[in-house]
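> Generate a structure from the sequence data that follows.
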Amino acid sequence: MRWRDVATELEGRPGYRAAFEQQFPYANVALAVVALRERHGLTQRALAELVGTPQPVVARLESGRHPVEIRMLARIADAVGETWTVQFGRRSEPAQEPQVVGA
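Sure, this is the predicted structure:
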């Protein structure tokens, strides 16, 4: 099941944020990479080729379930001529969709 499907199913339920974060702990990174890829009109395969990695690596990253190395984010940004940043902020209530941070 994809994180978007889980988010839609759980939205509005008590404990939504905790459940979402448990299922998709890296959702912000995933959203940022998807947005970057779409901004450049790239498929996962095309981005993977630019980065020099197999397409399943991009798919895993975009799932929001797997950690990503900082080196990989740097390679992705470099491959499309962009930069990326890390941003910290206070958690907000009520539960909200993750915000795109980075790329």
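> contacts and neighbour counts: CA atoms only from here.
Will do.
> need the helices for the chain, in chain order.
3-10, 16-23, 27-39, 44-51, 55-63, 70-80 (DSSP state H).
> Just send those back as TSV, with mean pLDDT and distance to residue 89 too.
Shown next, in TSV, are the helices of the chain (pLDDT from 0 to 100; distance: least, CA to CA, whole Å):
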stretch	mean pLDDT	distance to residue 89
helix 3-10	68	21
helix 16-23	69	16
helix 27-39	91	12
helix 44-51	98	29
helix 55-63	95	22
helix 70-80	95	19
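> Out of the ones you listed, which one sits most buried?
Most buried of these by mean neighbour count (mean count of other CA atoms under 10 Å) is helix 27-39; its value is a mean of 20.
> Determine the set of other helices and strands touching that one.
Packing contacts for helix 27-39, counted by 3 or more CA pairs under 8 Å, 6 or more residues apart in numbering; DSSP states H and E, involve helix 55-63.
> As CSV, could you dump the C-alpha coordinates of the helix it packs on?
Backbone C-alpha positions of helix 55-63 (Å, rounded to 0.1, in the frame of the first residue of the first chain) are rendered in CSV as follows:
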residue,chain,number,x,y,z
GLN,A,55,15.3,2.8,-10.8
PRO,A,56,14.2,0.7,-7.7
VAL,A,57,16.5,2.9,-5.6
VAL,A,58,14.4,6.0,-6.6
ALA,A,59,11.2,4.0,-6.0
ARG,A,60,12.2,3.0,-2.5
LEU,A,61,13.2,6.6,-1.7
GLU,A,62,9.8,7.9,-3.0
SER,A,63,7.9,5.3,-0.9
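> Can you add distance to residue 86 and give the helices of the chain back as a markdown table?
Shown next, in a markdown table, are these (distance: least, CA to CA, whole Å):
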| stretch | distance to residue 86 |
| --- | --- |
| helix 3-10 | 22 |
| helix 16-23 | 18 |
| helix 27-39 | 10 |
| helix 44-51 | 20 |
| helix 55-63 | 16 |
| helix 70-80 | 10 |
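> Go through those and name the closest to residue 87.
Residue 87 lies closest, by CA to CA, to one member of the helices of the chain: helix 27-39, at 10.6 Å.
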